[in-house]
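Asker: sequence plus the predicted model coming up.
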Amino acid sequence: MGHVSDEERIAAAEAYVDALVSHDADNVPFSADCIRIENGIKTGFSGKHLRRSLTRGPQYRIIEAATDRTFSSAQPPGPGTVSVVTTSLIAGWLLRRWTALPR
């Protein structure tokens, strides 16, 4: 893989977060061998798996917005943060909960 500019890396992160909200990962530039690790656990096994998961995964259906996006252009690439607004229907009550994606 060749050099990826800060702008391209941040645009890819933005596309991923957009897909969390829209449930449409067609515009996320996943590489074929990309993986996702959440809290130390591998939860994405290929670009194809990640695209399918973001598009059809029920675990993402509760995400309704992503705000406060901050991405670092540090070298090596630093962490980014995003606030994700989720909605769950529990016993007839609409529960709004703010969570933060891990760094």
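Answerer: Everything's here; your move.
Asker: C-alpha only now, for contacts and for neighbours.
Answerer: Fine.
Asker: sheet partners, orientation included, of the helix or strand hosting Asp68?
Answerer: Assessed by DSSP states H and E, Asp68 sits inside strand 63-70. If you go by DSSP bridges, strand 63-70 pairs up with strand 81-90 (antiparallel).
Asker: quick one: average pLDDT of the strand it pairs with?
Answerer: Mean pLDDT, strand 81-90: 66.
Asker: again with stretch 23-39
Answerer: The model assigns stretch 23-39 a mean pLDDT of 90.
Asker: now swap in stretch 42-53 and tell me
Answerer: 93.
Asker: send the alpha carbons of that stretch over as CSV?
Answerer: The C-alpha trace of stretch 42-53 is given here as CSV (Å, rounded to 0.1, in the frame of the first residue of the first chain):
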residue,chain,number,x,y,z
LYS,A,42,-11.1,-8.2,16.7
THR,A,43,-14.6,-7.5,15.5
GLY,A,44,-14.0,-7.0,11.8
PHE,A,45,-12.2,-9.5,9.6
SER,A,46,-12.0,-8.0,6.1
GLY,A,47,-13.1,-5.0,4.2
LYS,A,48,-16.0,-7.1,2.8
HIS,A,49,-17.0,-8.2,6.3
LEU,A,50,-16.9,-4.6,7.6
ARG,A,51,-18.9,-3.3,4.7
ARG,A,52,-21.6,-5.9,5.2
SER,A,53,-21.6,-5.4,9.0
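Asker: work out the gap between it and the centre of the chain.
Answerer: Its chain's average C-alpha position is 11 Å from that of stretch 42-53, according to Cα atoms, centre = their mean, to the nearest Å.
Asker: in it, what counts as buried?
Answerer: Neighbour-count burial for stretch 42-53 flags Gly44, Ser46, Gly47, His49, Leu50, Arg51, Ser53 (criterion: 16 or more other Cα atoms under 10 Å).
Asker: which residues sit against the helix ranked longest in the chain?
Answerer: Across the chain, the longest stretch assigned as helix under DSSP state H is helix 6-22. The contact list for helix 6-22, computed with Cα atoms under 8 Å, 6 or more residues apart in numbering, reads 25, 27-29, 54-55, 60, 63-66, 71-73.
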